[in-house]
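1. Predicted model and sequence below, questions to follow.
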Amino acid sequence: MQTPKKIAVVGSGLVGSLLGIYLKKRGHIVHVYDRSPDIRKINFSGRSINLVLSNRGIKTLQDVGLESEVLAIGIPVDRRAIHVGKDTVNEQFYGKNGEVIYSISRGLLNKKMVDLAEKAGVEFFFEEKVWDVDLTTATISIGETERGEWTTHNYDLTFGADGAFSRIRHRMQRQSMFDYSQEFMKMGYKELHIPANADGSHKINKNALHIWPRGNFMLMALANLDGSFTCTLFMPHDGENSFASIKTKEQLVNFFAKNFPDTKEVIPDLVDDFFKNPTSYLVTMKCFPWTFSDKVALIGDACHAIVPFYGHGMNSGFEDITVLEEMMEKYGDDWANLLNDYENSRKPNADAIAELSFRNFMEMSSKTADANFLLQKKIEKWFSDKHPDKWMPLYSRVTFSLQPYSEALAIGDFQNKIMEEIMQMENIEAKWNSTEVEQKIIQLLNFNYTQ
């Protein structure tokens, strides 16, 4: 326990709600503010990408005893199902036997997290717009409009967990020596929907992440508990094969018939979904510092928003909380040093998962349909199974371990250089699992480690 503080958390999303639980368990008074209505009272749909929960996020839930409650609303996923043609699906397992990620509806999980936070004693204030924070006092200002009348609320400490376009960060940006960048992808996304069968079962394998890779655009689907799938169409905003290029029902139907012919039977509401649901944007946001003295701190997307192609936006945000908890255990009431170590510990890892996520779009949209890439992954898995002490594939390091993201990225780059040499070996397609290849990898590992 720490000396109790009165703490405001701005943002009732996944990270804000879970942070509230952690702070409450430390003995603090916790008020969570959100400008939106209570998510438990609204229909949440139309602009979502299903969440993928993996080891880092699971650990954060485990540490406060919430793992089983959350996993109960998830579906285990152990493989990619890559739809390369009308009747061709290649499967690629993520890890070793038993290693899975969990597909969870964003809306369902957010409702669950708010319920759990309230049960823990966190107090929520919905439809309250926080426009500003005083960095020296942690006082927040709330009002109907940005230029209207505000009321102030005094706190000992304020956390900004209010997403990629955070108002708390916006205030921090107005100080000197604050670094900030945001980069939008030329790519957007739109939510589509595969309904359940009449008996409530899933139309396609529920334990796979389904990908239709088509180069500069792709379709993705993850299962929900009710038998449906949340699908996400990723495409450029403009140009050929883009959202802008599809203006009529006929253009849409023809586009899907040409590029995703095997979805005709499983997406019956394609036209309605496509023209009803908004086209959303993808942004990477970086900043530093994340804290101000012992009064204000950013967490989650508010300080490191990433694109969704590694499935680690939520997991990295939850891991922020794990590190913050470690610092609370280490420093107790010394909040200035606590927050300083938190931001310095997390910043390199937040940058690394941003880079990994950006790269993974290329892997999912193009490389998963490439025979050489699939062979490389098969060799890596084969070698890793034989020599788990010498090789862990990058995806497993990121998803099934707690190794810092920055270390995983560096080792992944090192391993990829080795694999580039292996893939150049003569007749590699025929001898990929031979003693010759095994010894060559070991030789390259030993040579590089001694350099």
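-> It's in. Residues are numbered from 1 along each chain as shown.
2. quick check, residue 382 in a helix?
-> Yes. Applying DSSP: H, G, I helix; E, B strand; the rest coil, one finds residue 382 inside a helix.
3. Touching, it and residue 441? I think so.
-> No. Taking contacts as Cβ atoms under 8 Å, residue 382 lies outside contact range of residue 441: 10.0 Å. For every residue, glycine as well, the C-beta is placed using N, CA and C.
4. Those two: which is more packed in?
-> Neighbour count, other Cβ atoms under 10 Å: between residue 382 and residue 441, residue 441 has more, with 22 against 16.
5. Quick one: residues contacting the more buried one.
-> By Cβ atoms under 8 Å, 6 or more residues apart in numbering, residue 441 lies in contact with 383, 391, 418, 422.
6. Same check on residue 33?
-> With contact taken as Cβ under 8 Å, 6+ apart, residue 33 is in contact with 8, 9, 10, 11, 12, 124, 125, 128, 130, 140, 142.
7. Can you say which helix or strand has residue 284 in it?
-> For residue 284, the enclosing helix or strand under DSSP states H and E is strand 280-288.
8. same deal with residue 328?
-> Using DSSP H and E, the element containing residue 328 is helix 313-331.
9. sorry, back to before: could I have the buried ones of the contacts of residue 33 as ChimeraX selection syntax?
-> Selecting the buried subset of those in ChimeraX, with 16 or more other Cβ atoms under 10 Å as the burial test, is done by:
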select :8,9,10,11,12,124,128,130,140,142
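10. Let me know the closest of the contacts of residue 33 to residue 321.
-> Taking Cβ to Cβ as the measure, residue 321 lies nearest residue 9 of the contacts of residue 33, at 11.1 Å.
11. ok, residues contacting stretch 136-145?
-> Outside stretch 136-145, the residues within contact range by Cβ under 8 Å, 6+ apart are 8, 10, 33, 128-134, 149-158, 292-293, 295-296.
12. Give me the distance from that stretch to the chain's centre.
-> Relative to its chain's centre, stretch 136-145 lies at 29 Å (Cα atoms, centre = their mean, to the nearest Å).
13. cool, stretch 268-280 as well?
-> Put simply, stretch 268-280 sits 23 Å off its chain's centre (Cα atoms, centre = their mean).
14. Tell me the buried residues in it?
-> Buried residues in stretch 268-280, counted by 16+ other Cβ under 10 Å: 270, 273, 274, 277, 279.
15. Likewise for stretch 62-79?
-> In stretch 62-79, counting by 16+ other Cβ under 10 Å, buried: 63, 64, 66, 67, 70, 73, 74, 75, 77, 78, 79.
16. now, the most widely separated pair of the residues you listed?
-> Greatest spacing in these, by Cβ to Cβ: 64 and 79 (30.1 Å).
17. Could I get the buried residue list for the helix holding residue 328?
-> Per 16+ other Cβ under 10 Å, helix 313-331 contains these buried residues: 313-325, 327-328, 331.
18. Show the backbone phi and psi for residue 239.
-> phi 100, psi -170 (degrees, to the nearest 10).
19. Neighbouring strands - and their directions - for the top strand by length along the chain?
-> As assigned by DSSP state E, the longest strand anywhere in the chain is strand 179-194. Strand 179-194 has the following strand partners under DSSP bridges: strand 229-236 (antiparallel), strand 280-288 (antiparallel).
20. Return the helix or strand hosting residue 447 as CSV; C-alpha atoms alone will do.
-> Taking DSSP H and E as the criterion, residue 447 maps to helix 435-449. Taking Å, rounded to 0.1, in the frame of the first residue of the first chain, the C-alpha atoms of helix 435-449 are listed here in CSV:
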residue,chain,number,x,y,z
THR,A,435,21.5,-31.8,-41.2
GLU,A,436,23.4,-29.5,-43.6
VAL,A,437,20.9,-26.6,-43.0
GLU,A,438,20.8,-27.3,-39.3
GLN,A,439,24.6,-27.1,-39.1
LYS,A,440,24.7,-24.0,-41.2
ILE,A,441,22.3,-22.2,-38.9
ILE,A,442,24.3,-23.2,-35.9
GLN,A,443,27.6,-22.1,-37.6
LEU,A,444,26.0,-18.7,-38.4
LEU,A,445,24.7,-18.3,-34.9
ASN,A,446,28.1,-19.1,-33.3
PHE,A,447,30.0,-16.9,-35.8
ASN,A,448,27.7,-13.9,-35.2
TYR,A,449,27.6,-14.3,-31.5
